[in-house]
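Student: Below are the sequence and a predicted model for it; my questions follow.
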Amino acid sequence: MEVVTTEKHISDYPNPFYLKQGDKVALGAIDDEFPNWIFITSFEGEQGWAPVQYIEKIEGSSEGILIEDYDNVELNTVIGEKLSALFELNEWYRVSRSTGEIGWVPVRSVQRT
């Protein structure tokens, strides 16, 4: 699906992390603004948000294991930018640019073309 940005988006996390299926993470708070996103800390000390659907909580602990590869790359966008939405998850689109760059943008910042 093709979308166009209707508002600028600047990532609060300019140094994204790349995690692999099976990686263990410490679990933090659930996001108030975007439900089903949880703040995680990798064992390398990297921090950011991840969708709860990608993490299996370890019973009796505050840790979880990634059940698939995940990165928290957020694309910085400008108004009028055309992107291809790959899928939607928890009010965010996973998108790609014509350059091949892939990342996340809030659904509310784009509209379908």
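Tutor: That came in fine, so what should we check first?
Student: Check this protein and tell me which residue is nearest its centre.
Tutor: By Cα atoms, centre = their mean, the chain has its centre lying nearest to N72, at 4.3 Å.
Student: Quick one: residues contacting it.
Tutor: Counting by Cβ atoms under 8 Å, 6 or more residues apart in numbering, N72 touches 13, 16-17, 48-50, 104. Using the backbone N, CA and C atoms, a C-beta is placed for each residue, glycine as well.
Student: Can you give me the domain assignment for this protein?
Tutor: Listed by automatic domain parsing, the domain ranges of the chain are 2-12+73-112, 18-71.
Student: any chance of these in JSON lines, with mean neighbour count and mean pLDDT too?
Tutor: Below are the domains of the chain laid out as JSON lines (neighbours: other Cβ atoms under 10 Å; pLDDT from 0 to 100):
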{"stretch": "domain 2-12+73-112", "mean neighbour count": "15", "mean pLDDT": "97"}
{"stretch": "domain 18-71", "mean neighbour count": "15", "mean pLDDT": "97"}
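Student: Tell me which residues touch the spatially closest residue to L89 that is not a sequence neighbour, please.
Tutor: Spatially, and ignoring its direct neighbours in sequence, L89 is nearest to P51 (5.4 Å; Cβ to Cβ, 6 or more residues apart in numbering). Shown in contact with P51 (Cβ under 8 Å, 6+ apart): 36-38, 70, 89-90.
Student: re earlier: closest one to G80 out of the contacts of N72, please.
Tutor: Taking Cβ to Cβ as the measure, W104 is the one of these closest to G80, at 19.0 Å.
Student: What pairs with the helix or strand that contains R94, parallel or antiparallel?
Tutor: In this structure, R94 sits in strand 92-96 according to DSSP states H and E. Note on strand 92-96: by DSSP bridges, its sheet partners are strand 82-89 (antiparallel), strand 102-106 (antiparallel).
Student: Show the residue spans covered by the strands in the chain.
Tutor: 2-5, 18-19, 24-30, 37-42, 47-51, 55-57, 63-66, 70-71, 82-89, 92-96, 102-106, 110-112 (DSSP state E).
Student: Cool, thanks, talk later.
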